[in-house]
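I need the structure of the sequence given here:
(2 chains)
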Number of protein chains: 2
Amino acid sequence: MSGLILRDAMAADLPAILAMLAGDVIPPGREADPSDPRYLAAFEAIDADPNQRLIAAELDGRIVGTMQLSFLPGLSFIGSWRGLIEAVRIAADLRGQRLGEQMILWAVEQCRARDCKLVQLTSSATRTDAHRFYARLGFVQSHVGMKLHLRD
Amino acid sequence: MSGLILRDAMAADLPAILAMLAGDVIPPGREADPSDPRYLAAFEAIDADPNQRLIAAELDGRIVGTMQLSFLPGLSFIGSWRGLIEAVRIAADLRGQRLGEQMILWAVEQCRARDCKLVQLTSSATRTDAHRFYARLGFVQSHVGMKLHLRD
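Residues are numbered from 1 along each chain as shown, chains lettered A, B, ... in the order given. Next up, the predicted model:
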């Protein structure tokens, strides 16, 4: 697999990105119609913040993957920045072709370029295949991830 | 326990906050002298970003706790913001007095005030007491947390 382009997403990429997000959520049904203006507002909040990047993975003119990178300042590790990877998705028909590996390795390089001390992510506890995937790329499962939902 | 004041940290709070960070790390020894200018630079990066808050918990004029809150925009959940809690520390001699509970409940309210859909955190896999603490406050251990260190 070659020719994968990784770049910051544009508003025009949103329908394709939202289709991937909506098609692969746990539980299903939590997302709205892609035309909902709250999606564009969220995109604009990400786009306006130099510490947030929504990434589009493009292959032969088609958006085939997405992820969000956050760069977080902090005091720990002698005032180090850390990178956070969230909302990783790959088009269902293109899994198993190491696109995800290219995406994550690229994301790690972006974090390195921002002088991050570490890169962190959480993965749904049920997705043991994803845990193996990240472990193969060097991630260590050292933490538990906990969430508190504030509203429906 | 009453009289706990929760507020944004000031530069003058850094020595006390850094002492708590350095005294409770896994593994020990990863931090530098509190006078290292990289800590002040990190504080200033946090302080300048409206989506980052370094919190000081003050009791009778003493800094007894700290945590960092990050507010993250995102596309998921119909373009919802989420809150991230990191680097929670409480003075060693004041544990078991529910200061942590007051801090986390306050943090959750800050996230609610920012219209976050959820609050998330990771906790070291070895800290089962912390997992029980967060579970009691409603957090669900739905994810695994993975980290990749980029440099020593």
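
Every contact and neighbour count from this point should use C-alpha atoms.
Fine.

What is the three-state secondary structure of residue A:129?
helix (DSSP: H, G, I helix; E, B strand; the rest coil).

What's the local residue count around it?
9 (other C-alpha atoms under 10 Å in any protein chain shown).

Could you report the distance from the nearest residue to residue A:15 once chain neighbours are set aside to residue B:114?
Spatially, and ignoring its direct neighbours in sequence, residue A:15 is nearest to residue A:34 (6.0 Å; C-alpha to C-alpha, 6 or more residues apart in numbering or on different chains). Distance, residue A:34 to residue B:114, by C-alpha to C-alpha, to the nearest Å: 23 Å.

Might one say that residue A:149 is in contact with residue B:115?
No: Residue A:149 is beyond contact range of residue B:115, at 11.5 Å (criterion: C-alpha atoms under 8 Å).

Tell me where the model's unsure across chain A.
A:1-2, A:24-28 (pLDDT under 70).

Going by length in residues, pull out the top helix of chain A.
helix A:99-113 (DSSP state H).

got the buried residues for it?
A:99, A:100, A:102, A:103, A:104, A:107, A:108, A:111, A:112 (16 or more other C-alpha atoms under 10 Å in any protein chain shown).

Run me through the strand neighbours of whatever helix or strand comes next after that helix, direction for each.
Per DSSP states H and E, the first helix or strand lying C-terminal to helix A:99-113 is strand A:116-124. Strand A:116-124 has the following sheet partners, assigned by DSSP bridges: strand A:81-90 (parallel), strand B:140-149 (antiparallel).

Tabulate these (TSV), appending distance to residue B:93 and mean neighbour count.
Shown next, in TSV, are the strands paired with strand A:116-124 (distance: least, C-alpha to C-alpha, whole Å; neighbours: other C-alpha atoms under 10 Å in any protein chain shown):
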stretch	distance to residue B:93	mean neighbour count
strand A:81-90	29	22
strand B:140-149	28	20
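
Find the centremost residue of chain A, please.
residue A:67 (2.3 Å; C-alpha atoms, centre = their mean).

Distance-wise, check it relative to chain B.
Look at residue A:67 and chain B: by C-alpha to the nearest C-alpha, to the nearest Å, they are 10 Å apart.

Need the residues that contact the host helix or strand of that residue.
Using DSSP H and E, residue A:67 maps to strand A:62-72. For strand A:62-72, the surrounding residues in contact (C-alpha atoms under 8 Å, 6 or more residues apart in numbering or on different chains) are A:13, A:16-17, A:20, A:51-58, A:81-91, A:94, A:100, A:107, A:111, A:114, A:116, B:70, B:72, B:74.

Repeat that for stretch A:86-99.
Contacts for stretch A:86-99 (C-alpha under 8 Å, 6+ apart): A:1, A:4, A:20-21, A:24, A:64-69, A:100, A:121-122, B:76.

who wins for most neighbours among those residues?
residue A:66 (28 neighbours).

which residues does residue A:60 contact?
Counting by C-alpha under 8 Å, 6+ apart, residue A:60 has contacts A:3, A:4.

One more: residue A:112?
Counted by C-alpha under 8 Å, 6+ apart, residue A:112 has contacts residue B:150.

From residue B:149, how far off is it?
Applying C-alpha to C-alpha to residue A:112 and residue B:149 gives a distance of 10 Å.

Go through stretch A:15-32 and flag the buried ones.
In stretch A:15-32, counting by 16+ other C-alpha under 10 Å, buried: A:16, A:17, A:18, A:20, A:21, A:22, A:31.
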